[in-house]
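In: Need a 3D model of the sequence below.
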Amino acid sequence: MAHPTFSVIVPVYNRPHELDELLNSLVHQENRDFEVIIVEDGSDLRCDDVVDRYRDRLDIHYFFKPNSGPGPSRNFGYAQASGKYFVVFDSDCIIPPSYFNIVEKSLHQYQWDAWGGPDRAHNTFTAVQRAMGYTMSSVFTTGGIRGGKKRLGWFQPRSFNMGISRVVFEKTGGFRFDRFAEDIEFSIRMRDAQFRVGLIPEAYVYHKRRTSLTQFYEQVFNFGRGRALVGKIHPGEVKLTHWFPTTFVFALISMLILPFLSSSLFFLALTFFLFYLLVIFIHSGIQNKSLAVAVLSIPAALIQLVGYGSGFLTEWINSDKK
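Out: Numbering: from 1, shown residues only. Okay, here's the model as predicted:
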C-alpha cells in the first residue's frame, strides 16, 4: 500500500466537539492524499467516539497516551506517521477545502523543508473570537509577528498550522518544549540547521483560539512565559518587539502614579493611550467590517498586551532566580 504524501497530526485534550468540526473539514478536502493521526493527550473527556464516526470517510488513526503537553504529543504522532510530510493542526481549527492543493503547489515551487500558514476568522466565529484573532495578528498589538504577511527575515511556523518534512523530524527530533512557545523553539532549531522554511500565505486555517476573554488571558500569559523561556535557551532571540507588552504593563502602572507627580504628564499619557485604543478600534472595524468586533478588540488588545507582558516578565524573573 502506497504511503500518503501528508500525515496530519492533531493532539487533543478534552475537546471532542472541536475535533468533530476539524475532522468534518478534512472530509471535504479537494486533495485527499493524507492520513490523520489523532493523539489523545490523557483527556478525561475522550474523543474516540468522534474518531469512530469518521473511520469510513478518512484514513484515520487514534492513539491515547498519558498527558504530557502538545509538544511531546506531536512528536508521538510524528513517530506513527507514514507520510512524506507531517502537518500539525490544533484541534480548534477548521481547514479550507483547498488547503492541501495549495501546500502541494508551493512545495513543488519552492521545495520547502518546513512551512507554516496564517489563520483567519470563520464566519461562524463569535465576535469575541474574531476580536481575539484580530489582536493576535495586528501590527498594533503583536507587531504583526503572528500574521500572514510577507516580511523581512525568516519565518517561524506556528503549531496551529505547521508542516515539516520527514527529514526535518529525523534530524531535529521535533519539539523540545512540552508547551509554551514550543513551536518557536522548534523553528529556531530548524533555522539553525539551515532547513528551507517558508510562509505559504494562501494556506490559511480558521482558528477559533479561545471562547472567552478570561481563557484568552490565560493563553497569552503562557505565550509570554514561553517567549521568555525561548530567550533563556536561545540568547538573542528575544527582540524589542517581544518587550513591548511588558513595557505596556509598566506604562499602565505609571499612569496610576503620574496624577500624583504631574497632571500635565498624566493627561499627555492618557491622550496617547486613548489615541492608541482609537487606532485599534478603527483598524479592527475596517479589517473585520464589524462594529461589535471593533469594540471588543479594545479589551482583547488590552488583555493580550497585559497578559503576554505579565507572563513574559514573570518567567524572566523566575528564570533569573533559578
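In: which residues in the protein form strands?
Out: 6-12, 34-41, 60-65, 85-89, 93-94, 114-116, 119-120, 161-165, 197-199, 205-207 (DSSP state E).
In: How much space separates residue 303 from residue 114?
Out: Distance from residue 303 to residue 114, counting by CB to CB, to the nearest Å: 31 Å. (C-beta placed from N, C-alpha, C; glycine too.)
In: Neighbour count for these two, which is higher?
Out: Neighbours of residue 303 and residue 114, each counted by other CB atoms under 10 Å, are more numerous for residue 114; the result is 24 against 21.
In: Tell me the predicted confidence for that one.
Out: Residue 114 carries a pLDDT value of 96.
In: my guess is residue 208 meets residue 15, correct?
Out: No: between residue 208 and residue 15 there is no contact under CB atoms under 8 Å: 10.0 Å.
In: which residues do these two both contact?
Out: When contacts are counted by CB atoms under 8 Å, 6 or more residues apart in numbering, residue 208 and residue 15 have residue 92 as shared neighbours.
In: where does the stretch 51-200 of the chain have low pLDDT?
Out: Within the stretch 51-200 of the chain, the stretches with pLDDT under 70 are 143-154.
In: in it, which spans are helices?
Out: Using DSSP state H, counting those that start in this stretch, the helices of the stretch 51-200 of the chain run over 70-80, 99-110, 127-137, 166-172, 182-192.
In: Reformat the ones you listed into CSV and put mean neighbour count next to each item.
Out: Below are the helices of the stretch 51-200 of the chain laid out as CSV (neighbours: other CB atoms under 10 Å):
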stretch, mean neighbour count
helix 70-80, 21
helix 99-110, 17
helix 127-137, 25
helix 166-172, 16
helix 182-192, 20
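In: Nearest approach to residue 263 belongs to which of these?
Out: Ranking the helices of the stretch 51-200 of the chain by proximity to residue 263 (CB to CB) places helix 127-137 first, at 31.2 Å.
In: Name the nearest residue to residue 68, ignoring sequence neighbours.
Out: Using CB to CB, 6 or more residues apart in numbering and skipping the chain neighbours, the partner closest in space to residue 68 is residue 178 (6.0 Å).
In: Now do the one you found against residue 186, distance only.
Out: Distance of residue 178 to residue 186, given as CB to CB: 12 Å.
In: One more: residue 203?
Out: From residue 203 across to residue 186, the span is 18 Å (CB to CB).
In: Let me see the contact set for the closest residue to residue 166 other than its chain neighbours.
Out: Excluding the flanking residues, the one nearest residue 166 by CB to CB, 6+ apart is residue 84, at 5.9 Å. By CB under 8 Å, 6+ apart, residue 84 lies in contact with 3, 5-6, 165-166.
In: What is the most widely separated pair among those residues?
Out: Using CB to CB, the contacts of residue 84 reach their maximum pairwise distance at 3 and 165, which is 13.3 Å.
In: quick one, which of those two is more surrounded?
Out: In terms of neighbours (other CB under 10 Å), residue 165 is the more surrounded of residue 3 and residue 165; the figures are 20 against 12.
In: Could you pull up the residues touching the more buried one?
Out: Contacts of residue 165 (CB under 8 Å, 6+ apart): 84-86, 112-114.
In: so where's the longest helix in the protein?
Out: helix 291-321 (DSSP state H).
In: Now do that one against helix 127-137, angle only.
Out: Orientation check (axes from the mean of the first three to the mean of the last three CA atoms, to 10 degrees): helix 291-321 against helix 127-137 gives 50 degrees.
In: what separates the residue lying closest to residue 172 once chain neighbours are set aside from residue 229, distance-wise?
Out: When the adjacent residues along the chain are set aside, residue 172 lies closest to residue 189, with 5.5 Å between them (CB to CB, 6+ apart). Residue 189 is 14 Å from residue 229, where distance means CB to CB.
In: and the closest residue in space to residue 38 that isn't next to it in sequence, how many neighbours?
Out: With CB to CB, 6+ apart as the criterion, residue 38 has its nearest non-adjacent residue at 4.9 Å, and that residue is residue 62. By the measure other CB under 10 Å, the count of residues near residue 62 is 18.
In: coming back round to it: make TSV out of the helices of the stretch 51-200 of the chain and add distance to residue 35.
Out: Converted to TSV, these look like this (distance: least, CB to CB, whole Å):
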stretch	distance to residue 35
helix 70-80	9
helix 99-110	12
helix 127-137	29
helix 166-172	13
helix 182-192	22
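In: Distance of residue 75 relative to residue 304?
Out: For residue 75, the distance to residue 304 - CB to CB - is 29 Å.
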